[in-house]
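K.L.:
here is the input, now give the coordinates:
(one chain, ligands or ions: 1)
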Amino acid sequence: MRLLLVEDDPLIGDGLQAGLSQLGYTVDWLKDGPSAAMALASDSFDLVVLDLGLPGRDGMSVLDEFRRSGGTSPVLILTARDAVEDRIAGLDAGADDYLVKPFSLDELAARLRAIGRRQGGRASPELVHGEISLDPATRKVTRAGEAVELTAREFAILELLLSRPGEAFSRDRLEEALYGWDEGVESNALEVYIHHLRKKLGKELIRTLRGVGYMIPRLP
Ligand code: CA
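P.N.:
Below is the predicted model of the structure:
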């Protein structure tokens with residue numbers, strides 16, 4: 001999952017980038033309002049964590065513009081302890097959730113997973129497809145009850161495809177979810193990850209749509 005982190009505090013931002021990367025998110029970190037607005041207008045993100053107090057332009061106006069221009073990515077806002085009005089205004093401006101500083105990385109991660117579930121229209125935390133099951137919280141994957149070892153990138157692709165069965169994911173979208181701005185996309189890497197996933201989980205799980213991309217078919 002590709003996540004945009006907008007936070008001007010270097011300590012918090014550094015900690016979040018490290019912590020969220022470790023949890024398997026591809027994190028792009030920006031530190032001011034104008035560059036966040038520009039990134040949201042030009043790139044696509046699966047999740048956005050947005051601080052409200054930002055230099056250049058406040059997070060609320062960034063969020064407001066993003067929603068007005070039709071941006072649908074889920075947004076979690078970070079607010080100061082005493083700013084109840086901010087939280088209300090943020091939710092009304094289209095935020096999906098908020099956290100009050102200071103907060104723990106564990107709570108942020110749990111809230112991001114919950115947002116991801118709602119996004120996919122699911123109530124249960126586990127992604128289940130036939131004999132395959134993926135738990136975003138523990139990052140465990142099983143096939144017919146047997147644990148399957150996946151690399152971080154294989155896991156990220158599987159999580160994305162499993163979160164929307166029946167939906168076709170283009171190469172670009174999958175690559176965007178895998179790579180942030182700092183990392184170049186290796187050619188053929190995606191095919192290699194898909195090949196490994198098929199080897200580990202059964203070759204019928206992920207379907208190739210010629211000229212379109214990949215999908216996990218919806219089960220009848
Ligand atoms: Ca701030």
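K.L.:
SS state for whichever residue of the chain sits closest to the ion?
P.N.:
Closest to the ion within the chain is residue 53: 3.7 Å, counting by Cβ to the ion. In this view, the C-beta of every residue, glycine as well, is placed from N, C-alpha and C. Three-state assignment for residue 53 (DSSP: H, G, I helix; E, B strand; the rest coil): coil.
K.L.:
mind listing residues that contact the helix or strand of the chain with the lowest mean pLDDT?
P.N.:
Counting by mean pLDDT, DSSP states H and E, the weakest-scoring helix or strand in the chain turns out to be helix 171-178, with a mean of 87. Here helix 171-178 makes contact (Cβ atoms under 8 Å, 6 or more residues apart in numbering) with 1-2, 26, 43-44, 46, 153, 156-157, 160, 185, 189-190, 193, 213-214.
K.L.:
next one: stretch 35-44
P.N.:
2, 4, 6, 28, 30, 45, 48, 50, 54, 56-57, 59, 62, 65-66, 69, 71, 73, 173, 176.
K.L.:
where's it relative to the chain centroid, distance-wise?
P.N.:
Relative to the centre of its chain, stretch 35-44 is centred 15 Å away, using Cα atoms, centre = their mean, to the nearest Å.
K.L.:
right, and the helix or strand after the helix ranked longest in the chain?
P.N.:
Scanning the chain for the helix with the most residues, using DSSP state H, yields helix 105-119. For helix 105-119, the succeeding helix or strand toward the C-terminus, using DSSP states H and E, is strand 127-129.
K.L.:
quick one: strands adjacent to that next one?
P.N.:
Strand 127-129 pairs in its sheet with strand 132-135 (antiparallel), by DSSP bridges.
K.L.:
how does this protein divide up, domain by domain?
P.N.:
Following automatic domain parsing, one finds the domains of the chain at 2-119, 127-215.
K.L.:
kindly check the end-to-end length of the shortest one for me.
P.N.:
This means domain 127-215. 15 Å (Cα to Cα, to the nearest Å).
K.L.:
can you check stretch 176-191 too?
P.N.:
The first and last residues of stretch 176-191 sit 14 Å apart, counting by Cα to Cα.
K.L.:
average pLDDT across stretch 105-116?
P.N.:
Regarding stretch 105-116, the rounded mean pLDDT is 94.
K.L.:
just to revisit the earlier point, elements contacting the longest helix of the chain?
P.N.:
The helices and strands touching helix 105-119, judged by 3 or more Cβ pairs under 8 Å, 6 or more residues apart in numbering; DSSP states H and E, are helix 10-22, strand 47-51, strand 75-79, strand 97-100.
K.L.:
circling back to that earlier point, okay, and which of the contacts of helix 171-178 map to helices?
P.N.:
Residues from the contacts of helix 171-178 lying in helices, with DSSP H as the criterion: 153, 156-157, 160, 189-190, 193.
K.L.:
neighbour-wise, which of these leads?
P.N.:
Counting neighbours by other Cβ atoms under 10 Å, residue 157 leads those with 23 neighbours.
K.L.:
these two touch, right, that residue and residue 196?
P.N.:
No. Using Cβ atoms under 8 Å, residue 157 makes no contact with residue 196, being 9.6 Å away.
K.L.:
is residue 34 within a helix or a strand, and which one?
P.N.:
Following DSSP H and E, one finds residue 34 within helix 33-42.
K.L.:
give me the buried positions along that helix.
P.N.:
Neighbour counts over helix 33-42 (16 or more other Cβ atoms under 10 Å) mark 33, 36-37, 39-40 as buried.
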